[in-house]
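Peer 1: Any chance you can model this:
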Amino acid sequence: MNSILYVAAALAVGICISLQPAINSSMARALGNSVLATSISISITFIFALTLLLMVGKDIGDLAQIKALPWWVIIGGIAGFVFVLGGVYVAPVIGVALFFVCVVAGQLLGATVIDQFGLFGTPLKPVNTIKFIGLFMVLAGAIVVQNSNV
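Peer 2: The predicted model follows:
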């Protein structure tokens, strides 16, 4: 697949993710419980992931290797839960667009720390001036979006 298709796939993923807070918030209102809505959403995710895993067939990996994984791998699952629950609680209050501007700003800040220190087995990529300017621009954009409805 060439890079244009990867970019298109990433955009499609972004569009799918943008639907999640609005849909899950609607479900939480209907059910009367945000954590229940979060649990249902994550359960649906699990069912789809498990179905795909089983469809792959014989090459599903080695479950025995789970015990060799570092303790911090659970952070990925916790982060998914925090994102879904955060979308249910926060997006209806501040709006989906501002929610995602803040999410992207937070992702860039977190990713910069991960790169700076080479955390979780990633290559070390120290912060430089250009990266710092880009981060500042994203954070400034979040402020502009926040103040757009004043």
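Peer 1: For residue 124, see how far away residue 46 is.
Peer 2: According to Cβ to Cβ, to the nearest Å, residue 46 and residue 124 sit 34 Å apart. From N, CA and C alone the C-beta is placed, and that goes for glycine too.
Peer 1: Give me the packing partners of the worst-scoring helix or strand of the chain on mean pLDDT, helices and strands only.
Peer 2: None of the helices or strands of the chain scores lower by mean pLDDT, DSSP states H and E than helix 129-146, at a mean of 85. Here helix 129-146 touches helix 96-117, going by 3 or more Cβ pairs under 8 Å, 6 or more residues apart in numbering; DSSP states H and E.
Peer 1: List the buried residues for the helix it packs on?
Peer 2: Neighbour counts over helix 96-117 (16 or more other Cβ atoms under 10 Å) mark 96, 98, 99, 100, 101, 102, 103, 105, 112, 115 as buried.
Peer 1: Tabulate these in CSV, adding columns for distance to residue 23 and pLDDT.
Peer 2: CSV is the format used below for the buried residues of helix 96-117 (distance: Cβ to Cβ, whole Å; pLDDT from 0 to 100):
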residue, distance to residue 23, pLDDT
96, 10, 88
98, 18, 83
99, 13, 89
100, 14, 87
101, 19, 84
102, 19, 85
103, 16, 90
105, 23, 84
112, 30, 91
115, 32, 93
